[in-house]
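> this one's sequence-less:
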């Protein structure tokens, strides 16, 4: 089994490329299109993004769990994944089209709708099959599935800006190439094309969906908490306010790449761990380290928020500074959930996060409806922070009870917490 440090470095490089590519792309469209058109883009992409959760049906997570436990052969799992993908793609495309065309004020052009949903089949395909590599602890290939689309999106965005003035349609076209290229690589290089079959794996599909639907519901509620603000802003405010909110929230949410980096390793290892309590103690250690980095990163963003926002996106996005500052406390506290949830998901207990995030979503909806009409983007940020804080604290106590690990032991720092960092520094020096 690869060591935590090797997986951490590998995933770290992957996350760095994703952050760099995503941030560079965001800067380009911000400076080219301005707040209003950026708000239109954010609104258009909400439902396709959510349907990456709904349509995925938790197949990545259930595949990781089943592959990690070795309950079925690889061929059986690949065949079942392909069969689920065909039907979920049709469902996602049709439903997402309806939501965009009839329920999204910003999607006022039919070209926006079609271009927004075209990447869905390829993104779903990549998500489904990434679970196989994660279950095999093949972190290196799992990384490629994640960072290559981000880098290709940046490349094609630059090309379209350089040769043709960037408009919304051209940016949506740029979003297609990344998922498409990875899908082609997966189909041929890893021979997934062999597993398209009408001989249905009924028993395995039922087991995958039985476990996966809970994962999907939990992920859907989580993602609604992150994106609900944009949906409600689209109905209760203006596209310009959506653009202001999206840039502030995008910057602060880059901090989550740190616990996301760790949580990927946690999920893969938790799925095959033999000693659940010992592993949960390791996860608690990772949480404590994550919080230090998140707090330091948040402090930096607050102190230099004007330089970061205006310097990256331009004077038109000055309003994003207060959005970022309002979101900081919630992002810090939700880190608890971000790290520890993947341990329970890897143990096959995704319903626990579903309970917590459903309650947080209810709080988020009520506060957004109350605050957005008066405070617009800032109101959405305040609502999110309160919702995130409630979810973080609630999950800490429920996680403690579930894994039989006292809250005090989870949050109390120890000298040994920093041993992995010191070991990595020593290896680098050698």
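Yep, it's here. Given the structure is predicted, the values throughout are model-derived calculations rather than measurements.

> all contacts plus neighbour counts: C-alpha atoms, from now on.
Noted.

> do you know how far residue 39 is from residue 238?
8 Å (CA to CA, to the nearest Å).

> and if you look at residue 28?
Taking CA to CA, one finds residue 28 at 22 Å from residue 238.

> of residue 39 and residue 238, who's got more company?
Taking neighbours as other CA atoms under 10 Å, residue 39 and residue 238 compare with residue 39 leading, 26 against 16.

> excluding its backbone neighbours, what's nearest that one?
residue 243 (3.7 Å; CA to CA, 6 or more residues apart in numbering).

> Tell me how many other residues crowd that neighbour.
Residue 243, neighbours per other CA under 10 Å, totals 28.

> The one 10 residues further on too?
Per other CA under 10 Å, the neighbour tally for residue 253 reads 16.

> Spit out the contact partners of it.
Residue 253 sits next to residue 331 when contact means CA atoms under 8 Å, 6 or more residues apart in numbering.

> circling back to that earlier point, quick one: secondary structure of the residue nearest to residue 39?
helix (DSSP: H, G, I helix; E, B strand; the rest coil).

> wait, it sits on residue 31?
No - using CA atoms under 8 Å as the test, residue 243 is too far from residue 31 to be in contact (11.7 Å).

> pLDDT-wise, which helix or strand of the chain ranks last?
Between all helices and strands in the chain, the lowest mean by mean pLDDT, DSSP states H and E belongs to helix 257-272, at a mean of 58.

> if you average pLDDT over the next helix or strand after it, what comes out?
Using DSSP states H and E, the helix or strand that directly follows helix 257-272 along the chain is helix 276-303. The average pLDDT for helix 276-303 rounds to 86.

> mind listing what's buried in helix 276-303?
Of the residues in helix 276-303, 276, 279-280, 283-291, 294-295, 297-298, 301-302 count as buried by neighbour count, 16 or more other CA atoms under 10 Å.

> give me every residue that touches residue 147.
Counted by CA under 8 Å, 6+ apart, residue 147 has contacts 14, 15, 17, 18.

> want to throw those residues into TSV with neighbour count?
Compiled in TSV, the contacts of residue 147 are given as follows (neighbours: other CA atoms under 10 Å):
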residue	neighbour count
14	20
15	20
17	17
18	22
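
> From those, which shows the smallest pLDDT?
Confidence-wise, residue 15 trails the rest of these, at 76.

> which stretches of the stretch 51-200 of the chain aren't confidently modelled?
The stretch 51-200 of the chain contains residues with pLDDT under 70 at 53-58, 137, 139, 162, 190.

> which residues in it form strands?
Under the criterion DSSP state E, counting those that start in this stretch, the stretch 51-200 of the chain contains no strands.

> Which parts of it are helices?
59-69, 74-103, 110-117, 120-135, 139-163, 168-189 (DSSP state H, counting those that start in this stretch).

> Figure out how far the third one is from the centre of its chain.
Which is helix 110-117. Per CA atoms, centre = their mean, to the nearest Å, the displacement of helix 110-117 from the mean C-alpha position of its chain is 22 Å.

> For that helix, name the packing helices and strands.
helix 4-54, helix 74-103, helix 168-189 (3 or more CA pairs under 8 Å, 6 or more residues apart in numbering; DSSP states H and E).

> right, and residue 130 touches residue 142 too?
Yes - with contacts counted by CA under 8 Å, residue 130 reaches residue 142, the gap being 5.7 Å.

> What is the burial count for residue 193?
15.

> how close does it get to residue 221?
Counting by CA to CA, the separation of residue 193 from residue 221 is 33 Å.

> coming back round to it: closest to residue 186 among the contacts of residue 147?
Lowest distance from residue 186 to the contacts of residue 147 (CA to CA) belongs to residue 14, with 18.0 Å.

> From residue 403, how far off is that closest one?
The gap separating residue 14 from residue 403 is 30 Å, by CA to CA.

> now swap in residue 326 and tell me
Using CA to CA, residue 326 is found at 33 Å from residue 403.

> Have a look at these two and say which one is more surrounded.
Per other CA under 10 Å, whichever of residue 326 and residue 403 has more neighbours is residue 326, with 24 against 16.

> close enough to count as contact, the more buried one and residue 377?
No - taking CA under 8 Å as the definition, residue 326 is not a contact partner of residue 377, at 10.3 Å.

> which ones are touching the spatially closest residue to residue 205 that is not a sequence neighbour?
In this structure, residue 205 finds its nearest non-sequential neighbour in residue 80, 5.8 Å apart by CA to CA, 6+ apart. Counting by CA under 8 Å, 6+ apart, residue 80 touches 200, 201, 204, 205.

> Please give the number of neighbouring residues around the second one.
With neighbours defined by other CA under 10 Å, the count for residue 201 comes to 16.

> and the closest residue to residue 305 other than its chain neighbours, how far is that from residue 298?
Spatially, and ignoring its direct neighbours in sequence, residue 305 is nearest to residue 321 (5.8 Å; CA to CA, 6+ apart). According to CA to CA, residue 321 stands 13 Å off from residue 298.

> repeat for residue 389
15 Å.

> and what of residue 26?
20 Å.

> just residue 341 next, same as before
Counting by CA to CA, the gap from residue 341 to residue 298 is 22 Å.

> What is the neighbour count of the residue nearest to residue 45 when sequence neighbours are not counted?
Closest residue to residue 45 apart from its sequence neighbours, by CA to CA, 6+ apart: residue 116 at 6.5 Å. Applying other CA under 10 Å, we find 27 residues neighbouring residue 116.
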